[in-house]
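# show me the folded form of this:
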Amino acid sequence: MPAPDRTLRALGLRARQLREALGLNQETLGEKAQLDQTYISGIERGVRNPTVKVLGRLAKALKVSLAELFTGMQP
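Numbers count the residues shown, from 1 in each chain. I've put the predicted structure just below:
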C-alpha cells in the first residue's frame, strides 16, 4: 500500500481534531455524515480521497463550513 498523500494526511488530521473537539467517535460522525465508519477512518488516516460532496457532508456533520474544514491544514 502506498504512503498517504501529505494533503490527505493533513485533511485527516484536521477532521480528527474537529471530531474529537465535538466529543464524537468515528461511528457517530459517520452516522451524522451518512458515511460508513470505515470511510471516516480512511479519511482520518489519509488513505481516502473524498469527493467535494463527501467533504460537504463531513463539514456539516462537524458543524463547520467547508472553509473551516481546511483552516490550519499544513500539507
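
# hey, where'd the helices end up in this protein?
In the chain, the helices defined using DSSP state H lie at 6-21, 26-33, 37-45, 52-61, 66-70.

# redo those as CSV? Include mean neighbour count.
No exception for glycine: its C-beta is placed from N, CA and C like everyone else's. Formatted as CSV, those follow (neighbours: other CB atoms under 10 Å):
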stretch, mean neighbour count
helix 6-21, 18
helix 26-33, 18
helix 37-45, 18
helix 52-61, 16
helix 66-70, 14
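
# can I get those helices in CSV including mean pLDDT?
Converted to CSV, those look like this (pLDDT from 0 to 100):
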stretch, mean pLDDT
helix 6-21, 96
helix 26-33, 98
helix 37-45, 97
helix 52-61, 98
helix 66-70, 96
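
# how many other residues sit next to the closest residue to residue 11 other than its chain neighbours?
Sequence neighbours aside, residue 73 is the residue nearest to residue 11 in space, at 6.3 Å (criterion: CB to CB, 6 or more residues apart in numbering). By other CB atoms under 10 Å, 15 other residues sit near residue 73.

# isn't residue 73 right up against residue 14?
Yes - taking contacts as CB atoms under 8 Å, residue 73 lies within contact range of residue 14: 5.3 Å.

# center of this protein - which residue?
residue 15 (3.7 Å; CA atoms, centre = their mean).

# which residues sit in contact with it?
Counting by CB atoms under 8 Å, 6 or more residues apart in numbering, residue 15 touches 40, 43, 44, 58, 62, 69.

# and the contacts of stretch 24-44?
Counting contacts by CB under 8 Å, 6+ apart, the residues outside stretch 24-44 that touch it are 8, 11-13, 15-16, 19, 48, 50, 54, 57-58, 60-62.

# re the thing from before, turn the contacts of residue 15 into JSON lines, including distance to residue 32.
Output for these, formatted as JSON lines (distance: CB to CB, whole Å):
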{"residue": "40", "distance to residue 32": "10"}
{"residue": "43", "distance to residue 32": "14"}
{"residue": "44", "distance to residue 32": "15"}
{"residue": "58", "distance to residue 32": "9"}
{"residue": "62", "distance to residue 32": "8"}
{"residue": "69", "distance to residue 32": "14"}
